[in-house]
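[1] Just need the structure, nothing else, for what follows:
(one chain, ligands or ions: 1)
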Amino acid sequence: MCGIIGYNGTSDVAPLLLDGLEKLEYRGYDSAGIAVLEDGQIDIVKSKGKISSLREKISKTHAPKGDIGIGHTRWATHGEPSDENAHPHYSASRRFAVVHNGIIENFATLKADLQKKGYVFHSDTDTEVVAMLLDENDNGNFFETVLKTVKMLQGSYALGILDANDPDTLIAVKRSSPLIVAVSPEGNYIASDITAVLNHTREMYKMNDGELAVIKPDGVTFFNEDGDPILKELQHVDWDVHAAEKGGYEHFMMKEIKEQPDALRKTLSPRITEDNKIKLDDIELTDEQIKGFDRIYIVGCGSAYHVGVVGKYVIEQLARIPVEVDIASEFRYRYPLVNEKTLTIIISQSGETADTLEALREAKRAGSRTLAIVNVVGSSIASEADDVLYTWAGPEISVATTKAYSTQLSLMYLLAIRFALAKGSITESYSQELLTELQTIPDKVEEIFKLEPQIERVAETYTYLHHAYFIGRNLDYAVALEASLKLKEISYIHSEAYAAGELKHGTISLIEPGTSVIALCCCERLVDKTVSNAKEVLARGAQVFAVANEGNESVGNICDHAIYLPKTNPLFQPSIEVVPLQLLGYYTAKARKCDIDKPRNLAKSVTVE
Ligand code: G6P
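    Just a heads-up that it's a prediction; the model follows:
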């Protein structure tokens with residue numbers, strides 16, 4: 001989704017903006033641009049395509065000079081990716097320039113009104129309306145003009161605004177789209193997230209909805225939507241700058257796959273005490289409160305939703321509490337049956353996914369207690385949930401998530417054990433056994449990397465594949481959902497996940513000689529049943545790649561390829577099983593020469609619904 005960077009300080013701004021935009025590339029984008037203010041004029045350069053195209057355009061034309069500016073990577077919503085639709089946008093007088101992330105929902109009405117007044121638009125974007133409104137509302141005072149304009153907007157917006165007549169000031173506004181303000185002795189920044197400016201500073205303010213920031217070269221002031229000054233707390237971010245760089249790997253995705261053992265250790269170890277007890281940070285959830293929940297909802301999008309599917313199996317089995325898992329965009333509009341007796345667990349890597357954030361608000365409105373599993377510290381979901389458990393995965397740059405999924409899963413297990421203990425559905429000694437086993441998962445994940453050459457060979461056979469089907473039962477099915485998503489999102493192969501027992505109810509009609517099926521056979525209790533389903537597709541000519549546990553090598557006798565994974569407690573098997581399937585997606589996409597870290601049409605942080 002769109003990325004914003006802005007700077008007001010003492011350094012040459014254009015290179016700084018371009019570097020920042022490159023750090024935001026992971027969010028997904030299709031065009032980019034910068035605006036620099038100097039000598040009472042705003043100079044905009046923008047281009048469809050990658051930041052390299054923008055750099056090229058700058059080198060062929062001219063490099064804007066100045067020490068205050070804004071930059072943007074656009075992920076098209078209103079209007080196709082093009083130079084005209086790229087941000088920043090000028091106002092009619094060219095006095096103002098605007099970058100925007102979000103959607104102005106009332107833009108059509110506003111645009112029609114402005115057109116009646118004679119404003120001529122040069123793009124199809126909703127953002128240009130904001131620029132024109134600034135001209136319309138201009139009373140000579142930058143701050144007041146912005147305040148008045150923002151009051152007219154409905155929808156979501158993070159805005160960075162320049163005024164040619166006020167060369168000392170950059171203004172930022174936030175509502176329902178992420179924005180931070182970062183500060184350093186050399187100047188101050190706005191950015192969609194801290195990764196854009198980690199090279200320069202780790203000190204940031206997280207902006208809340210309805211807030212406005214006035215950024216000067218030597219200081220920042222915050223205001224509420226009525227224009228009254230407010231005080232905000234400065235936050236220090238610990239993320240290592242190198243963690244947001246590739247560190248010798250060809251792709252972020254591979255780097256992040258390999259970081260999983262460490263990310264799991266960092267996420268688990270602070271939550272398991274030396275005497276093998278769970279300590280969930282500062283969450284004040286008493287046994288009585290847990291016993292009082294008659295239902296748990298788990299809500300997320302994409303892979304976060306898939307973590308919820310695993311969570312349902314594990315929590316229901318261990319804690320015997322009914323669990324419903326929902327896709328955030330469905331949950332928020334379906335009048336969910338949440339109340340003070342439900343716990344809603346919200347899962348999100350970014351903490352900014354628009355639908356997930358709204359689902360959280362919906363659950364809160366209905367009186368549900370909310371607990372968020374989030375990776376990005378200080379993100380909107382983390383700030384608004386009643387309780388937060390952070391996954392200590394570090395920055396995840398590749399659009400396709402790997403280490404965030406794995407660490408979310410590990411917290412889901414801890415929650416399930418905690419709930420089960422409170423409900424008395426497992427004994428203290430079984431809990432200890434589970435926690436001991438859980439702590440072996442990072443090492444077992446590391447062992448999986450030895451299988452890489454084998455997985456790469458299988459992936460090469462998928463180079464020209466059109467369709468793939470993942471099948472599995474129980475937790476294997478939950479993992480199949482994630483494995484299928486991994487394959488399709490980065491390799492563009494059409495792929496589906498099916499509960500193996502459902503095959504005979506329709507899908508088996510798609511199986512013909514040469515169809516590729518990936519059979520997940522790690523759920524010990526149901527291996528024989530899944531193997532039978534694998535035999536059914538083999539009998540119809542399918543090629544089957546099986547993933548099974550060590551000790552079940554007989555599975556390989558019937559399949560074309562098989563790999564065997566270290567065993568763990570069956571409830572934790574997804575943590576191990578997902579890793580070779582992430583590698584399968586990665587190597588297939590590589591064999592097909594796809595843009596692995598930035599797959600077409602996808603965005604890392606989906607901040608519009
Ligand atoms: C995008 C990403 C997925 C992610 C989903 C939810 O689709 O590509 O990897 O699972 O958003 O994002 P969140 O930040 O809420 O986990």
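
[2] tell me the pLDDT at residue 182?
    pLDDT for residue 182: 97.

[3] can you confirm it is in a strand?
    Yes. Counting by DSSP: H, G, I helix; E, B strand; the rest coil, residue 182 is found in a strand.

[4] and it, what does it touch?
    Counting by C-beta atoms under 8 Å, 6 or more residues apart in numbering, residue 182 touches 188-191, 194, 197, 200-201, 203-205. C-betas here are computed from N, CA, C, even on glycine.

[5] Spatially, which residue comes closest to residue 308, not counting chain neighbours?
    Nearest residue to residue 308, sequence neighbours excluded (C-beta to C-beta, 6 or more residues apart in numbering): residue 298, at 3.5 Å.

[6] Check which element follows the helix or strand encompassing that neighbour along the chain.
    Secondary structure assigned from DSSP states H and E places residue 298 in strand 295-300. Going down the chain from strand 295-300, the next helix or strand is helix 302-319, by DSSP H and E.

[7] quick check, that next one touching the ligand?
    Yes. Counting by C-beta under 6 Å from any ligand atom, the ligand has neighbours in helix 302-319: 302-304.

[8] These into CSV, with extra columns for pLDDT and neighbour count?
    Rendered in CSV, the data for these read as follows (pLDDT from 0 to 100; neighbours: other C-beta atoms under 10 Å):
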residue, pLDDT, neighbour count
302, 96, 22
303, 98, 24
304, 98, 26
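
[9] List the contacts of stretch 113-127.
    The contact list for stretch 113-127 (C-beta under 8 Å, 6+ apart) reads 77-80, 84-85, 87, 89, 92, 98-100, 103-104, 107, 111, 128-129, 132-133, 135-136, 155.

[10] ditto for stretch 279-297
    Contact with stretch 279-297 is made by 270-273, 315, 321-326, 331, 336-338, 341-345, 363, 368-369, 371, 387-390, 414-415, 418-419, 421-423, as judged by C-beta under 8 Å, 6+ apart.

[11] Next, give phi and psi for residue 360.
    Backbone torsions of residue 360, given as degrees, to the nearest 10, read phi -60, psi -50.

[12] and the gap between it and residue 381?
    Look at residue 360 and residue 381: by C-beta to C-beta, to the nearest Å, they are 6 Å apart.

[13] returning to what we had before: the residue nearest to residue 308 reaches residue 345, doesn't it?
    Yes. Residue 298 is in contact with residue 345 according to C-beta atoms under 8 Å; the separation is 4.7 Å.

[14] Enumerate every residue touching residue 441.
    Contact partners of residue 441, counting by C-beta under 8 Å, 6+ apart, are 264, 268, 410, 568, 572, 575-576.

[15] any residues in contact with both of residue 298 and residue 345?
    Common neighbours of residue 298 and residue 345 (C-beta under 8 Å, 6+ apart) are 308, 311.

[16] Take the contacts of residue 441 and lay them out in JSON lines including distance to the ligand.
    Shown next, in JSON lines, are those (distance: C-beta to the nearest ligand atom, whole Å):
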{"residue": "264", "distance to the ligand": "17"}
{"residue": "268", "distance to the ligand": "19"}
{"residue": "410", "distance to the ligand": "15"}
{"residue": "568", "distance to the ligand": "24"}
{"residue": "572", "distance to the ligand": "21"}
{"residue": "575", "distance to the ligand": "17"}
{"residue": "576", "distance to the ligand": "20"}
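
[17] Which pair of these spans the longest distance?
    Spatial extent of those (C-beta to C-beta) is set by the pair 268 and 576 at 14.3 Å.

[18] Which one of these two is surrounded by more residues?
    For residue 268 versus residue 576, the count of surrounding residues by other C-beta atoms under 10 Å is larger for residue 576: 23 against 20.

[19] Residue 67 and residue 14 touch, don't they?
    No. Checked against C-beta under 8 Å, the pair residue 67 and residue 14 is beyond contact range at 9.8 Å.

[20] Which one's more surrounded, those two?
    residue 14 (23 against 20).

[21] Please confirm that that one is located within a helix.
    Yes. Checked against three-state DSSP, residue 14 lies within a helix.

[22] Quick check: residues of this structure near the ligand?
    Residues of the chain lying close to the ligand (C-beta under 6 Å from any ligand atom) are 301-304, 348-350, 353, 356, 399-401, 602, 604-606.

[23] Quick check: chain neighbours aside, which residue is closest to the residue of the stretch 151-300 of the chain found nearest the ligand?
    As assessed by C-beta to the nearest ligand atom, the ligand sits closest to residue 300 within the stretch 151-300 of the chain, at 6.1 Å. Closest residue to residue 300 apart from its sequence neighbours, by C-beta to C-beta, 6+ apart: residue 347 at 3.8 Å.

[24] Check residue 306 too.
    Spatial nearest neighbour of residue 306, excluding adjacent residues (C-beta to C-beta, 6+ apart): residue 482 at 4.2 Å.

[25] Please apply the same query to residue 162.
    Of all residues not flanking residue 162 in the chain, residue 97 sits nearest, at 4.6 Å (C-beta to C-beta, 6+ apart).

[26] Just to check, that neighbour is in contact with residue 89?
    Yes. Between residue 97 and residue 89 there is a contact under C-beta under 8 Å: 6.9 Å.

[27] shared neighbours, those two?
    residue 131.

[28] so residue 471 sits in a helix?
    No. Secondary structure of residue 471 (three-state DSSP): strand, not part of a helix.

[29] For the stretch 451-600 of the chain, which segments count as helices?
    With helices called from DSSP state H, counting those that start in this stretch, the stretch 451-600 of the chain shows them at 452-460, 475-491, 527-539, 555-558, 573-591.

[30] in the shortest one, what counts as buried?
    I take that to be helix 555-558. Of all the residues in helix 555-558, those buried under the rule 16 or more other C-beta atoms under 10 Å are residue 555.

[31] and it, what does it pack onto?
    Judged by 3 or more C-beta pairs under 8 Å, 6 or more residues apart in numbering; DSSP states H and E, helix 555-558 is in contact with helix 527-539, strand 543-549, strand 561-565.

[32] Of those, which stretch is the most buried?
    Of all the helices and strands packed on helix 555-558, strand 543-549 carries the top mean neighbour count, a mean of 24, counting by mean count of other C-beta atoms under 10 Å.

[33] what sits up against that strand?
    Contact with strand 543-549 is made by 458, 461, 514-522, 524, 527, 534, 537-538, 555-556, 558-567, 573, 577, 580-581, as judged by C-beta under 8 Å, 6+ apart.

[34] mind checking how far stretch 549-556 is from the chain centre?
    On the basis of C-alpha atoms, centre = their mean, to the nearest Å, stretch 549-556 sits 35 Å off its chain's mean C-alpha point.

[35] And the residue of the stretch 401-550 of the chain that's closest to the ligand?
    Residue nearest to the ligand within the stretch 401-550 of the chain (C-beta to the nearest ligand atom): residue 401, separated by 3.7 Å.

[36] and the residue nearest to residue 306, how many neighbours does it have?
    If you count neighbours by other C-beta under 10 Å, residue 482 ends up with 28.

[37] mind checking how far it is from residue 417?
    Remark: distance between residue 482 and residue 417 (C-beta to C-beta) = 22 Å.

[38] likewise residue 78?
    47 Å.

[39] More neighbours: those two, which one.
    Using other C-beta under 10 Å as the criterion, residue 78 and residue 417 rank with residue 417 on top: 24 against 16.

[40] low-scoring stretches of the stretch 201-350 of the chain, by residue?
    For the stretch 201-350 of the chain, the stretches with pLDDT under 70 are 240-244, 247.
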